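A.B. asks: Below are the sequence and a predicted model for it; my questions follow.
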Amino acid sequence: MTDINKVIEEVQAVVMPFESWERLAGESAVAYAAFCAFRDFGPERNIRKAVEVSEKDETKQGKKYRVWRGWAAAFRWRERAADYDGYLDKLKQAELRKTIEEQGKVHRAVTGKMLQVVSKKLDLMDPADLAQGTVTEWVSTAIRAEREAAGITAGKDKPEGSVDKNGQITFLPEFEGL
């Protein structure tokens, strides 16, 4: 982290609460509730839309809009909502990363089993019955799938005996019945 970023974070910690989207000093409960309605509207948010959703009486919407617009300026709604969006995005990214790591563990276990099946199949077969191409393809497929599960290769080629994006495994015909 650069020195300027550290200074900015220290100043923000003094000026703002821990999270900018939390209720600010001097912000009334009603103003904060209005901010929450605005904030929760999502990336396409605007004050008018938030007012229309929160106030069904059209005769009161104009006044409420002016009040909310004042609060939005005074309490930096756009900046705080953007901070909140960034926070939610970080949570989603962390969850996605966790899911990918868990899937990787499953994929590595499956490809390990594939290699064990190939090894057992080779042990049971008469070497004279094995075509060189078949053995090479079995080993190549298992190794490729194992590397893809570990994130070592991109996996652009998907021949038989591979693992697709959804974790579906396609075995060579020689494995039927095992």
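C.D. replies: Alright, I've got the coordinates.
A.B. asks: ok, Ser20 - how many residues close by?
C.D. replies: Residues within reach of Ser20, counting by other C-beta atoms under 10 Å, total 19. Glycine gets a C-beta too; all of them are placed from N, C-alpha and C.
A.B. asks: How is it assigned, secondary-structure-wise?
C.D. replies: Look at Ser20: counting by DSSP: H, G, I helix; E, B strand; the rest coil, its state is coil.
A.B. asks: so Leu115 sits in a helix?
C.D. replies: Yes: in this structure, Leu115 lies within a helix as judged by three-state DSSP.
A.B. asks: Quick check: closest non-adjacent residue to it.
C.D. replies: The shortest distance from Leu115 to any residue that is not its chain neighbour, by C-beta to C-beta, 6 or more residues apart in numbering, is 4.6 Å, and that residue is Ala142.
A.B. asks: Helix or strand for the residue nearest the centre of the chain, just tell me which one.
C.D. replies: With distances taken as C-alpha atoms, centre = their mean, Leu96 lies nearest the centre of the chain, 3.1 Å away. In the assignment (DSSP states H and E), Leu96 maps to helix 77-124.
A.B. asks: what sits against Ala29?
C.D. replies: Applying C-beta atoms under 8 Å, 6 or more residues apart in numbering, we find Ala29 in contact with Arg23.
A.B. asks: Cys36 versus that one, what's the distance?
C.D. replies: The spacing between Ala29 and Cys36, counted by C-beta to C-beta, to the nearest Å, is 10 Å.
A.B. asks: For the most far-flung residue of the chain relative to its centre, grab phi and psi.
C.D. replies: Among the C-alpha atoms of the chain, the one farthest from their average position, using C-alpha atoms, centre = their mean, is that of Ala128, at 50.2 Å. Phi and psi for Ala128, reported as degrees, to the nearest 10, are phi -70, psi -20.
A.B. asks: Domains of this protein: list them as residue ranges, please.
C.D. replies: Taking automatic domain parsing as the domain assignment, the record places the domains of the chain at 3-75, 101-175.
A.B. asks: is it possible to export those domains to CSV including distance to Leu91 and mean pLDDT?
C.D. replies: Output for the domains of the chain, formatted as CSV (distance: least, C-beta to C-beta, whole Å; pLDDT from 0 to 100):
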stretch, distance to Leu91, mean pLDDT
domain 3-75, 12, 88
domain 101-175, 16, 73
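A.B. asks: got a markdown table for those domains, with distance to Tyr87 too?
C.D. replies: Formatted as a markdown table, the domains of the chain follow (distance: least, C-beta to C-beta, whole Å):
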| stretch | distance to Tyr87 |
| --- | --- |
| domain 3-75 | 7 |
| domain 101-175 | 22 |
